[in-house]
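[1] Predicted model and sequence below, questions to follow.
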Amino acid sequence: MTTSPSNQLDTFDNPQPERDYTIRMRIPEFTCLCPKTGQPDFATLHLAYVPDQRCVELKSLKLYIWSFRDEGAFHEAVTNRILDDLVAAMAPRFLRLTAEFYVRGGIDTTVVAEHRTEGWEPPAPVNLP
């Protein structure tokens, strides 16, 4: 194999740092292991962020997400860990990570974690007629 899982998140310079804009990503193939049973957990991750000076590079994000495949993690812990790692790598103005875990034992779980840089306020929404 030419690639392998990695916990390294690479970034690149935001091409428009003077502007607030939102980057959204859907990651439908997230997997980790249940720390109690060792069975696989599957989730779709929804990432939305307003970059400041840095953006996350997509191949490194893919390899980073892959690195959880053999790790045991509770849904709440892994969602917050991913958020913390992304914030550490990019220092975005705003970041929201929504993790929608698939049904296990008749229960599905959605965990939403957010980061907001102190003092940053989103622009007012525009309502068109």
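    Looks like it arrived, so ask away. Given the structure is predicted, the values throughout are model-derived calculations rather than measurements.

[2] On the strand side of things, show who the closest residue to Val78 other than its chain neighbours bridges to.
    Closest residue to Val78 apart from its sequence neighbours, by C-beta to C-beta, 6 or more residues apart in numbering: Cys32 at 5.6 Å. In this view, the C-beta of every residue, glycine as well, is placed from N, C-alpha and C. Applying DSSP bridges to Cys32 yields these beta-bridge partners: Asp41.

[3] how about the helices of the protein, start to end?
    For the chain, helices defined by DSSP state H occupy the ranges 58-66, 75-90.

[4] Now mean neighbour count too, for these, in TSV please.
    Output for those, formatted as TSV (neighbours: other C-beta atoms under 10 Å):
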stretch	mean neighbour count
helix 58-66	16
helix 75-90	17
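
[5] Could you export the ones you listed as CSV, including distance to Tyr49 and mean pLDDT?
    Converted to CSV, those look like this (distance: least, C-beta to C-beta, whole Å; pLDDT from 0 to 100):
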stretch, distance to Tyr49, mean pLDDT
helix 58-66, 11, 97
helix 75-90, 7, 98
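
[6] Nearest to Pro17 among the ones you listed would be which one?
    The minimum distance between Pro17 and the helices of the chain falls on helix 75-90, with 11.8 Å, by C-beta to C-beta.

[7] Give me the helices and strands touching the closest one, please.
    Here helix 75-90 touches strand 40-50, strand 54-56, strand 94-104, strand 107-116, going by 3 or more C-beta pairs under 8 Å, 6 or more residues apart in numbering; DSSP states H and E.

[8] Each with direction, which strands does the third one pair with?
    The sheet places strand 94-104 alongside strand 40-50 (antiparallel), strand 107-116 (antiparallel), with pairing taken from DSSP bridges.

[9] do the same with the second one
    Neighbouring strands of strand 54-56 in its sheet, by DSSP bridges, are strand 11-13 (antiparallel).

[10] Tell me the buried residues in the strand it pairs with?
    Within strand 11-13, the residues that qualify as buried are Thr11, counting by 16 or more other C-beta atoms under 10 Å.
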